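Asker: please find the sequence and the predicted model below.
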Amino acid sequence: MKRTPHLLAIQSHVVFGHAGNSAAVFPMQRIGVNVWPLNTVQFSNHTQYGQWAGEVLAPEQIPALVEGISNIGELGHCDAVLSGYLGSAEQGRAILAGVERIKAVNPRALYLCDPVMGHAEKGCIVPQEVSDFLLEQAASVADILCPNQLELDSFCGRHAQSLEDCVAMARGLLARGPQAVLVKHLAYPGRGEDAFEMLLVTREQSWHLRRPLLAFPRQPVGVGDLTSGLFLARVLLGDSWLQAFEFTAAAVHEVLLETQACASYELQLVRAQDRIAHPRVRFEAQVLAF
Ligand SMILES: Nc1ncnc2c1ncn2[C@@H]1O[C@H](COP(=O)(O)OP(=O)(O)O)[C@@H](O)[C@H]1O
Ligand SMILES: Cc1ncc(COP(=O)(O)O)c(C=O)c1O
Ligand SMILES: [Mg+2]
């Protein structure tokens with residue numbers, strides 16, 4: 001029997017709705033991964049509501065919790081670490097120490113970093129020191145980086161001019177150490193207006209994928225977290241980079257279709273659960289020549 005992978009997911013938790021772990025944990029479990037959620041913050045709701053209650057986890061809790069898992073002899077079973085929304089840069093440094101510790105007992109373990117940097121206009125609020133930490137420290141430790149366009153641009157210190165430029169920028173990130181860069185959402189000048197585009201760049205190949213752009217009165221939050229979580233889960237389940245990319249695009253699209261059909265601002269993960277596990281749609285990624 002195939003072993004069920006184990007994944008330590010370190011990102012935000014919201015009591016109401018879906019962002020961070022509250023967007024990623026259930027879908028990853030639903031497709032067959034044992035998830036160990038470690039919540040960097042516990043907020044009442046995601047920050048794009050403009051107000052929230054709750055607390056940031058004290059950074060010393062991260063090594064303490066990793067130590068606790070080590071003490072019961074389970075740390076070596078961790079196949080991957082995922083990090084997303086961070087409450088502080090100190091939390092980020094504690095995560096990197098945890099990743100180092102896990103890799104020492106399981107050198108095959110992967111680290112996926114979703115460099116959530118915030119989007120002031122959209123109301124996603126992340127402290128500046130967190131962005132600095134992601135740029136200066138996390139990118140070189142990650143095996144997989146999952147920026148959106150804004151985060152890719154921040155990493156490179158300039159705005160992408162074209163799709164080819166996005167590939168070049170992602171290759172620049174690969175040069176820092178990661179094996180794969182998944183750009184969850186492209187927004188370069190001159191792109192088509194009718195599609196939602198994604199990009200996957202590895203050392204060997206680059207792929208571009210289009211899925212339909214859906215209209216929402218308010219853009220749902222947590223789509224990025226759902227995307228990075230499903231991508232890592234599928235890689236752990238044995239998919240190639242390309243298979244994981246195409247599956248993720250299809251499963252996320254299914255969630256958005258369900259969310260749109262319910263006219264909901266929050267992702268409809270429970271209602272879409274069977275469609276997450278067995279997407280009805282399929283999007284084929286195209287190999288890029290450049
Ligand atoms: N198919 C789609 N149609 C329309 N909007 C989408 C679709 N897929 C994702 N989105 C939206 O696109 C945005 C992606 O945000 P972006 O900043 O690129 O990544 P992240 O979710 O990591 O913040 C989100 O607002 C999400 O709700
Ligand atoms: C608490 C929290 N976590 C995570 C996110 C990131 O969500 P997304 O996947 O849309 O980037 C947000 C965005 O507002 C948030 O408020
Ligand atoms: Mg994001």
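Answerer: Structure received. Numbering: from 1, shown residues only. Ligands and ions are numbered 1, 2, ... in the order given.
Asker: so which bits of the stretch 101-250 of the chain are right by ligand 2?
Answerer: By C-beta under 6 Å from any ligand atom, the residues of the stretch 101-250 of the chain that approach ligand 2 are 116, 124, 221-225. The way it works is simple: take the backbone N, C-alpha and C, and place the C-beta from them, glycine included.
Asker: let me see the contact set for the residue of the stretch 151-290 of the chain found nearest ligand 1.
Answerer: Here the residue of the stretch 151-290 of the chain nearest ligand 1 is residue 224; by C-beta to the nearest ligand atom that distance is 1.9 Å. By C-beta atoms under 8 Å, 6 or more residues apart in numbering, residue 224 lies in contact with 114, 116, 146, 148, 184-185.
Asker: what does residue 232 give?
Answerer: 7, 28, 80, 82, 110, 112, 144.
Asker: which element, helix or strand, includes the residue in the chain that ligand 3 sits nearest to?
Answerer: Going by C-beta to the ion, ligand 3 is nearest to residue 224 of the chain, at 2.9 Å. If you go by DSSP states H and E, residue 224 is part of helix 223-236.
Asker: what pLDDT does whichever residue of the stretch 151-290 of the chain sits closest to ligand 2 get?
Answerer: The nearest approach of the stretch 151-290 of the chain to ligand 2 comes at residue 224, 3.1 Å away (C-beta to the nearest ligand atom). Each residue has a pLDDT score; the one for residue 224 is 97.
Asker: is it fair to say residue 8 lies in a strand?
Answerer: Yes - applying DSSP: H, G, I helix; E, B strand; the rest coil, one finds residue 8 inside a strand.
Asker: surely it touches residue 103?
Answerer: No - the criterion here is C-beta atoms under 8 Å, and residue 8 misses it with residue 103 at 11.9 Å.
Asker: hmm, back to that, tilt between the next helix or strand after the helix holding residue 224 and helix 223-236?
Answerer: Going down the chain from helix 223-236, the next helix or strand is helix 241-261, by DSSP H and E. Interaxial angle, helix 241-261 versus helix 223-236 (axes from the mean of the first three to the mean of the last three C-alpha atoms, to 10 degrees): 140 degrees.
Asker: where do the strands sit along the stretch 151-290 of the chain?
Answerer: Applying DSSP state E, counting those that start in this stretch to the stretch 151-290 of the chain gives strands spanning 180-183, 195-202, 206-212, 286-287.
Asker: between the ones you listed, which one is nearest to residue 16?
Answerer: strand 195-202 (26.1 Å; C-beta to C-beta).
Asker: that closest one close to ligand 1?
Answerer: Yes - judged by C-beta under 6 Å from any ligand atom, strand 195-202 comes into contact with ligand 1 at residue 196.
Asker: for that strand, which strands pair with it and how are they oriented?
Answerer: strand 180-183 (antiparallel), strand 206-212 (antiparallel) (DSSP bridges).
Asker: what separates the first one from the chain centre, distance-wise?
Answerer: So that's strand 180-183. 10 Å (C-alpha atoms, centre = their mean, to the nearest Å).
Asker: for it, which outside residues touch it?
Answerer: Applying C-beta under 8 Å, 6+ apart, the external contacts of strand 180-183 come out as 143-149, 152, 166, 170, 173-174, 198-202, 227-228, 231, 241, 245.
Asker: that one - what's its average pLDDT?
Answerer: Strand 180-183 comes out at a mean pLDDT of 98.
Asker: ok, now the longest one?
Answerer: Averaging pLDDT along strand 206-212 gives 98.
Asker: okay, buried residues for it please.
Answerer: 206-211 (16 or more other C-beta atoms under 10 Å).
Asker: narrow the contacts of residue 232 to those in strands?
Answerer: Judged by DSSP state E, the contacts of residue 232 include 7, 80, 82, 110, 112, 144 as members of strands.
Asker: what parts of the protein come near ligand 3?
Answerer: With C-beta under 5 Å from the ion as the criterion, the chain meets ligand 3 at residues 116, 224.
Asker: contact residues of the chain facing ligand 1?
Answerer: Applying C-beta under 6 Å from any ligand atom, we find that the chain lies next to ligand 1 at 119, 148-149, 184-185, 196, 211-214, 219-220, 223-224, 256.
Asker: quick check on the residues you listed: which are buried?
Answerer: 148-149, 184-185, 196, 211, 220, 223-224, 256.
Asker: and which of the residues you listed is nearest to residue 21?
Answerer: residue 224 (12.9 Å).
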